[in-house]
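**Q** Okay, here's the prediction I keep looking at, along with the sequence it came from:
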Amino acid sequence: MGNKTDNRKIIKSKKAVIDAHTHVGVSARFYYQQGYPYALSFEDLVFRMDSLGIDHSVVFPFVDSRFYVADDASPEIKTTNRYCRFPYEQENQNLLHEIYEIFPQHSHRALPFLMFDPSRETAQQAGHMEALLEKYPVYGLKTATTYIQAYVADMETKGKPIADLARKKGLPITFHSSVHPQDPWASAYDIVDFAERNPDIRVCIAHSARFAEPVLKKAGGLPNCFVDLSAFIIHCKLAVADSPGIAPKEKRFEANYHDPLSVMIKLTETYPDTIIWGSDTPFYYWIQKYHTADGKLADDRLECGYDEEPALLHRLPDDIKSRISHRNIIHFLFGKKS
Ligand SMILES: [Zn+2]
């Protein structure tokens, strides 16, 4: 049995650099579509952290689960309970097993979050996550509803058992976000509204809320809401390209998206207590296919080097770097946004 001591004291005690958004696990669906990335082990994540100057990482499973059936021919996600009785049963179990049972010598580097689906089999998921919380230190919850066609807007109805678990255990929730007109699943606007209605749950909107100014502004004013910068460089590229994956110009945070470092500084100066740093390792690189609500197959190819996100962080002025890679993340994880 590994060392399963809660490591929050170690993390709070020094000016550690924390990455608030990484994934460990595997996606057969991505692999067999010739997508990239499709896998990362915890051991490999630690190697990267060592070479990139990162002390601790929030770690989620990959967005795929064996509960979902890979079927590229169909625009609708289908499910099977043949391998998992409910979403992420095996994936959450495996993440914690890998961190605490296989690599206990590295477990103090990880802040594992459990993955959930807010729209399907939520009572079973909540029960299983609660049992895992009894056994292992867990620091939060994560959902990426676009790729499983589940709804953030279900959080207070079908997803209530999971919201209640987060509230009861004081666990923060990170939400994958979208502003794409054909993505009804992960609306950044729905996420910030959920945060507003649930002041007792800490919420993080991933991917810079797709630079949607109204969302950033609202999040900035909420004591329980944070925004992470995951996969920042490819999102700046999407902004330059005026992609529908980014808020349209009239609603976009005004910045020079040709220069990601300057955007990061401006965002943090504008929302000093709200922005948290996350690399999205290994999804800073993104070659994937998935369906949008109109049944079309999105086929993205967005490239970024493995060291580019941390390199950006280390080039920030010291006060901004420590604010977004330590101070604000501690507030997100453990409470008390100032
Ligand atoms: Zn991610």
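**A** The structure has been received and is ready for your questions. Keep in mind it's a predicted model, so treat the numbers as computed, not measured.

**Q** Poorly predicted segments of the chain, please.
**A** For the chain, applying pLDDT under 70 flags the ranges 1-6, 9-10, 13, 72-73, 338.

**Q** What residues does it have near the ion?
**A** Proximity of the chain to the ion, by Cβ under 5 Å from the ion, involves residues 280, 283. C-beta here means a position set from N, CA and C on the backbone, and glycine is covered the same way.

**Q** For the stretch 101-250 of the chain, which residue gets nearest to the ion?
**A** Ser230 (5.4 Å; Cβ to the ion).

**Q** what ranges do the strands span in the stretch 201-338 of the chain?
**A** Counting by DSSP state E, counting those that start in this stretch, one finds strands in the stretch 201-338 of the chain at the ranges 203-205, 225-228, 275-276, 286-291, 297-302.

**Q** So which of those is nearest Val179?
**A** strand 203-205 (10.8 Å; Cβ to Cβ).

**Q** Residues contacting that closest one, please?
**A** With Cβ atoms under 8 Å, 6 or more residues apart in numbering as the test, strand 203-205 has contacts from 20, 172-175, 177, 188, 191-192, 194-195, 215, 219, 224-228, 276, 332.

**Q** what do you get for stretch 317-330?
**A** Counting by Cβ under 8 Å, 6+ apart, 11-12, 15-20, 58, 226, 229, 264-265, 268-269, 272-277, 313-314, 316, 337 sit against stretch 317-330.

**Q** From the chain's centroid, how far away is it?
**A** 18 Å (Cα atoms, centre = their mean, to the nearest Å).

**Q** Kindly report the same for stretch 247-254.
**A** 22 Å.

**Q** Can you get me the start-to-end distance on that stretch?
**A** Stretch 247-254 has an end-to-end distance of 11 Å (criterion: Cα to Cα, to the nearest Å).

**Q** which residues sit against it?
**A** Under Cβ under 8 Å, 6+ apart, the answer for stretch 247-254 is 179, 208-216, 239, 242, 246, 263, 266-267, 270.

**Q** try 6 Å
**A** 179, 210-213, 216 (Cβ atoms under 6 Å, 6 or more residues apart in numbering).

**Q** re earlier: tell me which of the contacts of stretch 317-330 fall in helices.
**A** Under the assignment DSSP state H, the contacts of stretch 317-330 contribute 11-12, 264-265, 268-269, 313-314 to helices.

**Q** Among the residues you listed, which one has the most neighbours?
**A** For these, the largest number of neighbours (other Cβ atoms under 10 Å) sits with Met264, at 25 neighbours.

**Q** Distance of that residue relative to the ion?
**A** 17 Å (Cβ to the ion, to the nearest Å).
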